[in-house]
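Enquirer: okay, here's the prediction I keep looking at, along with the sequence it came from:
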Amino acid sequence: MTSQWRLRIDTALERTLPPANEAPQRLHAAMRHAVLLGGKRMRPLLVYATGAAFGAETALLDAPALAVELIHAYSLVHDDLPAMDDDALRRGQPTVHVAFDEATAILAGDALQSLAFATLAQAPGGAEARIAMLQELALAAGSRGMCGGQALDIDATGAAQRLHVDELERLHALKTGALLRASVRLGAIAADIDAAARTSLDRFADALGLAFQVRDDLLDVEGDSATLGKTAGKDAAQDKATFPALIGVAASRARLESLRAEMHDALAPFGDRAAVLAELGRQAIERNR
């Protein structure tokens, strides 16, 4: 099922992005470079898996799946900029500001964000659900979500050892977790599920978001650039706030296992229909890139 959804989202992204030969060509080529050169597509897969688990038609899930991946792509373009994480490699390819230039990268990120909301605003289905999705994605991407987490991350860089573990978890609940949680919530909105089920899904998504970041932090320590598709070892070199830096590698692995259990418990009430969500959670914990 996930392979079908992966093909579906890749095809939809190709169709939704402006053609590279349409003016302004350089900007559109940069947008396509940012989105189409690989990626795990975890966020759109979560939209599809959540919606499908609760009976939503696939056609109702395409727009939110597209929108959340476009927001994710924009965030990576800006995250890689010299003023932010200053990285030259993403998904095994030169980052957008390296392949093009810094100004084009900024504009490409801005344009991807705008395209995300334009795509979601045209989603099929009722207006109430569409507005709820727009609000969910906007909040997850803003100062109380992903952008806020990035700001906290910048503030903590160079001061990781002075950070309390609860502060680090909050940082990553915003920077990484907010968009993952929004992905699950977008699928839940499309499926129009009840409040009790949404609460359990939030528990799953919160644990998943934190597990995703803990695994990312461990990979930066244990992985290599060729496998990761991005520069390994940068977190330690920049004194970034990470779980291995703060609590050590062994404790980070133990935290990952506790989060695995939290995800399992959160999905238990749903039985077999949550099997794909459970599998995505497993992949987040066991991935090598």
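Expert: Looks like it arrived, so ask away.

Enquirer: where does the chain dip in pLDDT?
Expert: For the chain, the stretches with pLDDT under 70 are 159-161, 223-238.

Enquirer: now do the strands in it.
Expert: 89-90, 93-94 (DSSP state E).

Enquirer: okay, those, which one's buried deepest?
Expert: strand 89-90 (a mean of 22; mean count of other CB atoms under 10 Å). Every residue, glycine included, has its C-beta placed from N, CA and C.

Enquirer: what pairs with that strand, and is each one parallel or antiparallel?
Expert: Next to strand 89-90 in the sheet, as set by DSSP bridges, lie strand 93-94 (antiparallel).

Enquirer: so which residues make contact with the strand it pairs with?
Expert: 33, 37, 38, 88, 99, 229 (CB atoms under 8 Å, 6 or more residues apart in numbering).

Enquirer: and for stretch 143-152?
Expert: With CB under 8 Å, 6+ apart, stretch 143-152 has contacts from 71, 75, 79, 84, 139-142, 170-179, 182.

Enquirer: ok, of those residues, which come out buried?
Expert: By neighbour count, with 16 or more other CB atoms under 10 Å, those hold 71, 75, 79, 140-141, 171-179, 182 as buried.

Enquirer: which among the residues you listed gets closest to residue 103?
Expert: Nearest to residue 103 among these, counting by CB to CB, is residue 79 at 16.7 Å.

Enquirer: among the contacts of strand 93-94, who's most crowded?
Expert: Using other CB atoms under 10 Å as the neighbour test, the contacts of strand 93-94 are led by residue 33, with 23 neighbours.

Enquirer: report the contact partners of that residue.
Expert: 93, 96, 99, 100, 108.

Enquirer: how about the second one: what's its closest non-neighbour residue?
Expert: When the adjacent residues along the chain are set aside, residue 96 lies closest to residue 105, with 4.2 Å between them (CB to CB, 6 or more residues apart in numbering).

Enquirer: show the contacting residues for the one you found.
Expert: Contacts of residue 105 (CB under 8 Å, 6+ apart): 30, 77, 78, 80, 81, 95, 96, 97.

Enquirer: for it, give its distance to residue 38.
Expert: From residue 105 across to residue 38, the span is 17 Å (CB to CB, to the nearest Å).

Enquirer: same thing with residue 269?
Expert: 35 Å.

Enquirer: residue 124 too?
Expert: For residue 124, the distance to residue 38 - CB to CB - is 28 Å.

Enquirer: next: residue 141.
Expert: In terms of CB to CB, residue 141 sits 22 Å off from residue 38.

Enquirer: check residue 95 too.
Expert: In terms of CB to CB, residue 95 sits 13 Å off from residue 38.

Enquirer: then residue 203?
Expert: 30 Å.

Enquirer: and if you look at residue 111?
Expert: 20 Å.

Enquirer: next one: residue 82
Expert: When residue 82 is compared with residue 38 (using CB to CB), they lie 23 Å apart.

Enquirer: swap in residue 81?
Expert: With CB to CB as the criterion, residue 81 and residue 38 are 20 Å apart.

Enquirer: ok, now residue 131?
Expert: 33 Å.

Enquirer: which stretches of the stretch 1-150 of the chain form helices?
Expert: Listed in chain order, the helices of the stretch 1-150 of the chain (DSSP state H, counting those that start in this stretch) span 2-16, 25-36, 42-53, 58-79, 96-99, 102-121, 127-141, 146-156.

Enquirer: quick one: the ones you listed as CSV, columns for distance to residue 215 too.
Expert: As requested, the helices of the stretch 1-150 of the chain are exported to CSV (distance: least, CB to CB, whole Å):
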stretch, distance to residue 215
helix 2-16, 18
helix 25-36, 23
helix 42-53, 11
helix 58-79, 17
helix 96-99, 25
helix 102-121, 25
helix 127-141, 20
helix 146-156, 17
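
Enquirer: single out the most deeply packed of those.
Expert: Greatest burial across these, using mean count of other CB under 10 Å, falls to helix 42-53, with a mean of 26.

Enquirer: show me what it is packed up against.
Expert: helix 2-16, helix 58-79, helix 177-191, helix 195-222, helix 275-286 (3 or more CB pairs under 8 Å, 6 or more residues apart in numbering; DSSP states H and E).

Enquirer: closest one to residue 24 among these?
Expert: Per CB to CB, nearest to residue 24 of the helices and strands packed on helix 42-53: helix 58-79, 16.1 Å.
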